[in-house]
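Undergrad: Task: produce atomic coordinates for the following.
(2 chains)
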Amino acid sequence: MSIETRLAWRNLWRNPRRTALSVAATVFAVVLVMLSEGMGAGSHEKMIEDAVRLQSGHVAISGAGYRDHMTLDYFLPWSPELVEIADSVPSARAWAPRIISFALVSLADASRGVMVMGVDPEREPSVTTISKKVDAGHFLSAQRAPGVREIVLGERLAQDLGAQLGDEVLLYGAAYSLENAYELFTLTGIVDLPDPKIERNLALIHIEDAREFYVYDDRVTEIALLARDADHAPLLIAELEGALVPLAPDGGVFEVQGYEEMMPALVQFILLDDAGLYIMLVILVVVVGFGILNTILMAILERTRELGVVLALGLRPAALFRMVYLESMLLAAVGLGLGLAIALPALLYLNGMEFALTGDDLAATAEFVGMEPVLTFKLKPLNPLGSVLTILGVAALAALYPALKASRGRPVDALRSP
Amino acid sequence: MILQAVEVTKVYETRGVTTHALDGVSLQMDEGEFSAIAGPSGSGKTTLLNLLGALDTPTSGNVLLDGEELTTLDSAALAGLRLHKLGFVFQSYNLIPVLSACENVEFVMDLQGVEAGERKQRAREVLERVGLSGLEDKRPPEMSGGQQQRVAVARAIASRPRLVLADEPTANLDSDTAKRLLELMAELNQVEGITFLFSTHDPLVMEAAQRVVRLRDGRVVDDGAGNHG
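TA: Numbering: from 1, shown residues only, chains lettered A, B, ... in the order given. Next up, the predicted model:
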């Protein structure tokens, strides 16, 4: 260790209490920053995962224009080649075809406009968790019984209609051919979903029943795919876009969209939440910067005469700048090191754990954004790195002023100080 | 000639009050001298020593160290000059309290870029030379005033300067300790040929010096040139 480093390190501990307080502030900030980021990352990932697994999947292939119009006119031609692509893209974990449209569902005097999702009861559970949300009755049967058309409704929708399991409800809508479509369906299951808007709006039927109801022949409206995780969604989109080219060499037939495009409100919410989090973290880190500034500034003001002596002995101003700067950075590094030593194991321990939100307001907020009312933590490798670099960056800025002040003094003035 | 001051003046302006600390001081000093600048408080001793030691710049006039005009140098060049050509001993020792005696002595050599092994060996030799063997690892707060001033002398000479400037080096020492310190510096001057220049109003120092330059009100009243050698 050079004398400059030794000097900086020992100077740091000349006032142990002041240094310890500054280190404690840095440790506190590091732990808070990392836990907040971990909580943010965990919650957002859970939010995305819940939303994706509830309905959309990470990526969807649909007919060009479908997302803008959401009508049966914008279809996806169903073909073995399409199935082959969905089966073979490397970043896809699962996929399920769907026919989605709108209809009126009626029971006695009550009727509601609903989104009808025709799903494949065998494939759908591999993409969404909707089949696990059944809290009364059962999900759609994979094999259709002759003469029985099953329907599963959201719990609030069933309540609005006054429908009980076993009731026959009338589905009334417009077929692809624009002719009237109406059919009786038997209520076999009721799903309890975290998002009340979806729960009030959703009717699930077998995809083959949907095909018949809407007279949709060899068409589907979309194929929902699940990527290995949310971070792989862009890769999956690229793979699909590449694989679909041979099916539509001139383009314009298919549309491949990620969950971010399909659920812009969710992305906006996460961005807003992140912005709030980062504003708080910036304030915290700036406070740490001022703590370091104050500690080192006090230290050099107390040592003015000593700094004059080292300048008199021949230490160049630039070297004195480096020495004082090093002192600040060592102070920040000690705080960072200790902070990481606490925050990293804590985050590793908390990583993936779920804590139920018990307060009514918290649970209501979670429900508002369509996520389960639980708190989760996630340790992302870039987050600790970001925290370390941010705090080091702020420390590097805070260290400038004391170092400049120390190095700009004239030795003769410094030597005259008491 | 190692040091020359030519018509040096130093004027301070403090809250509208002008003080002429030095008024046209000229002085020459040869290698191997053991000299003192003496005078009552406020006569300009420390101001002159600061100017000669490249710690301050004159209002007018010039200072030449080893033939080099100090007024033409910037702060980094002045620092380099102090580092390689000058040694300093201060009134209140001014050791670095967080470094041991040995590290204090090594400090200047470290700045000079002397390699670690040689640095340590030279520091130990010089500390032995000033009678501080066995105290190498003590830090200044653990040492007496006399011991600290010996460390300061060791620090000043370890870097092998052309000239050691000592600002009232005995002012904080009792007379016995002051006498021993002066004997040590006189021996270093005679045996090793190190040039010393003191500022002082201590009769002991004036007695020990081969030449005494007397200042009064910022002017040289006797440059003692006749009685040194």
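Undergrad: Next to chain A, which bits of chain B? Give me the list.
TA: B:50, B:53, B:55-56, B:75-76, B:79-80, B:82-84, B:86, B:88, B:90, B:94, B:96-99, B:103, B:106-108, B:110-112, B:155, B:159 (Cβ under 8 Å from any Cβ of the partner chain). Placement of C-beta: from N, CA and C, glycine included.
Undergrad: same thing but 7 Å
TA: Applying Cβ under 7 Å from any Cβ of the partner chain, we find that chain B lies next to chain A at B:50, B:55-56, B:75-76, B:79-80, B:82-83, B:88, B:94, B:96, B:98-99, B:103, B:106-108, B:110-111.
Undergrad: Would you report the backbone torsion angles of residue A:242?
TA: Per-residue torsions, residue A:242: phi -70, psi -40 (degrees, to the nearest 10).
Undergrad: re earlier: what about the residues of chain B next to chain A, which are in strands?
TA: residue B:88 (DSSP state E).
Undergrad: Which residues are in contact with residue B:105?
TA: B:123, B:126-127, B:151, B:154-155, B:158 (Cβ atoms under 7 Å, 6 or more residues apart in numbering or on different chains).
Undergrad: which residues in chain B form strands?
TA: B:3-14, B:17-29, B:34-38, B:60-65, B:68-69, B:86-89, B:163-167, B:195-200, B:211-216, B:219-222.
Undergrad: and the first one, C-alpha only, in CSV?
TA: Coordinates of the C-alpha atoms in strand B:3-14 are reproduced here as CSV (Å, rounded to 0.1, in the frame of the first residue of the first chain):
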residue,chain,number,x,y,z
LEU,B,3,20.5,31.1,-2.2
GLN,B,4,20.1,34.8,-3.1
ALA,B,5,17.4,37.3,-2.3
VAL,B,6,17.4,40.5,-4.4
GLU,B,7,15.6,43.6,-3.2
VAL,B,8,12.7,41.5,-1.9
THR,B,9,9.6,43.2,-0.6
LYS,B,10,6.5,41.7,0.8
VAL,B,11,3.4,43.8,1.4
TYR,B,12,0.2,42.6,3.0
GLU,B,13,-3.2,44.3,2.6
THR,B,14,-5.6,43.3,5.3
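Undergrad: That strand packs against which elements?
TA: strand B:17-29, helix B:45-52, strand B:60-65 (3 or more Cβ pairs under 7 Å, 6 or more residues apart in numbering or on different chains; DSSP states H and E).
Undergrad: tell me the angle of that strand relative to strand B:163-167?
TA: 30 degrees (axes from the mean of the first three to the mean of the last three Cα atoms, to 10 degrees).
Undergrad: got a list of contacts for strand B:3-14?
TA: B:18-29, B:47, B:51-52, B:58-65, B:163.
Undergrad: cool, the fourth one as well?
TA: Contacts of strand B:60-65 with the rest of the structure, by Cβ under 7 Å, 6+ apart, involve B:3-9, B:51-52, B:54, B:69-71, B:81, B:85.
Undergrad: one step back: and the helices and strands packed on strand B:3-14, which is most packed in?
TA: Burial of these is given as mean neighbour count (mean count of other Cβ atoms under 10 Å in any protein chain shown); helix B:45-52 ranks first at a mean of 24.
Undergrad: any idea how far that one is from the chain center?
TA: 10 Å (Cα atoms, centre = their mean, to the nearest Å).
Undergrad: Show me the contact partners of it.
TA: A:412, B:3, B:5, B:8, B:10, B:21-22, B:25, B:37, B:39, B:56, B:58, B:63, B:165, B:167, B:197, B:199, B:215.
Undergrad: right, and residue A:122 touches residue A:142 too?
TA: Yes - counting by Cβ atoms under 7 Å, residue A:122 touches residue A:142, with 4.8 Å between them.
Undergrad: before we move on, back to that, just the buried ones among the contacts of strand B:60-65, please.
TA: B:3-6, B:8-9, B:51-52, B:54, B:70, B:81, B:85 (16 or more other Cβ atoms under 10 Å in any protein chain shown).
Undergrad: Mind pulling up the pLDDT for the closest residue to residue A:414 other than its chain neighbours?
TA: Spatial nearest neighbour of residue A:414, excluding adjacent residues (Cβ to Cβ, 6 or more residues apart in numbering or on different chains): residue A:308 at 2.5 Å. pLDDT for residue A:308: 88.
Undergrad: How many residues are close by residue A:308?
TA: 22 (other Cβ atoms under 10 Å in any protein chain shown).
Undergrad: wait, it sits on residue A:410?
TA: No - under the criterion of Cβ under 7 Å, residue A:308 makes no contact with residue A:410, lying 8.1 Å away.
Undergrad: contacting residues around the residue positioned nearest the centre of chain B?
TA: Taking Cα atoms, centre = their mean, the centroid of chain B lies closest to residue B:165, which sits 1.5 Å from it. By Cβ under 7 Å, 6+ apart, the residues touching residue B:165 are B:49, B:52-53, B:86, B:88, B:197.
Undergrad: And stretch A:293-304, what's buried?
TA: Here stretch A:293-304 shows A:293-297, A:299-300, A:303-304 as buried, counting by 16+ other Cβ under 10 Å.
Undergrad: No more questions from me, cheers.
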